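In: sequence? don't have it. structure:
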């Protein structure tokens, strides 16, 4: 099935926007994981989590 140029452009834009959303979500989850790990090892709750979450935003 062939798509016309306008539909193809819209689909490419949607893919790019969804990739940005996924990158944001993944970076938050990674920052949360690192922060919780540091808090557990250094007994510094909640400062490690807050530091790594704020660095992602």
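Out: All right, it came through fine. This one's a predicted model, so the numbers in the text were calculated from it and none came from an experiment.
In: Report the buried residues of the worst-scoring helix or strand of the chain on mean pLDDT.
Out: For the chain, using mean pLDDT, DSSP states H and E, the weakest element among its helices and strands is helix 47-56, scoring a mean of 83. Neighbour counts over helix 47-56 (16 or more other Cβ atoms under 10 Å) mark 48-49, 52-53 as buried. Just so you know, the C-beta spots here come from the backbone N, C-alpha and C atoms, and that holds for glycine as well.
In: any idea where the helices of this protein begin and end?
Out: Here the chain has its helices, by DSSP state H, at 5-42, 47-56.
In: Looking at these, which one is packed in the most?
Out: Mean neighbour count (mean count of other Cβ atoms under 10 Å) peaks for helix 47-56 among these, with a mean of 15.
In: Would you mind pulling the contact partners of that helix?
Out: 27-28, 30-32, 34-39, 42 (Cβ atoms under 8 Å, 6 or more residues apart in numbering).
In: still on that earlier bit, and the helices of the chain, which one is worst for confidence?
Out: Among the helices of the chain, helix 47-56 has the lowest mean pLDDT, at a mean of 83.
In: quick one: residue 11 and residue 28, what's the gap?
Out: From residue 11 across to residue 28, the span is 26 Å (Cβ to Cβ, to the nearest Å).
In: same question, residue 37
Out: 15 Å.
In: Same question for residue 20.
Out: Taking Cβ to Cβ, one finds residue 20 at 13 Å from residue 28.
In: and what of residue 8?
Out: Counting by Cβ to Cβ - residue 8 and residue 28 are separated by 31 Å.
In: ok, now residue 21?
Out: Residue 21 sits 11 Å away from residue 28, taking Cβ to Cβ as the criterion.
In: for residue 42, same thing?
Out: In terms of Cβ to Cβ, residue 42 sits 21 Å off from residue 28.
In: And residue 17, by the same measure?
Out: Taking Cβ to Cβ, one finds residue 17 at 17 Å from residue 28.
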